[in-house]
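In: Dropping a prediction and its sequence here:
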Amino acid sequence: MNSNYDFRIIRVLRRRLGLTLQVLAARSGLTYPTVESVETNKTLPSLKTLDAVAGALQISTSDLVGLAERRLVQRR
């Protein structure tokens, strides 16, 4: 997927909090497949999805997007 963001940072943040994908999905109110597809960059998430994931990770949506953008820049 071609995107300006690398949302694999979600996996890094999730693991730092000691959360499984199942727990993150439950906390965010999203399905496991949705969280998994965002975390692996298989799909571009909506703002609503990012807001739910960020809340479950206890960070702001803007911080999550900033980290995803920064991660992409660092990889180039």
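Out: Structure's in. What do you need? Numbering: from 1, shown residues only.
In: Every contact and neighbour count from this point should use C-alpha atoms.
Out: OK.
In: Against T43, how distant is S3?
Out: As judged by CA to CA, to the nearest Å, S3 and T43 stand 9 Å apart.
In: Looking at the two, which one has more neighbours?
Out: T43 (16 against 11; other CA atoms under 10 Å).
In: pretty sure that one contacts E36?
Out: No: T43 is beyond contact range of E36, at 9.4 Å (criterion: CA atoms under 8 Å).
In: Number of residues surrounding Y32?
Out: Y32 has 15 nearby residues by other CA under 10 Å.
In: Figure out the helix or strand that the spatially most central residue of the chain lives in.
Out: Central residue of the chain (CA atoms, centre = their mean): I10, 3.7 Å from the mean position. Element membership of I10, judged by DSSP states H and E, is helix 9-16.
In: Just the residues contacting stretch 30-47, thanks.
Out: 1, 3, 6-11, 21-22, 24-26, 49, 52-53 (CA atoms under 8 Å, 6 or more residues apart in numbering).
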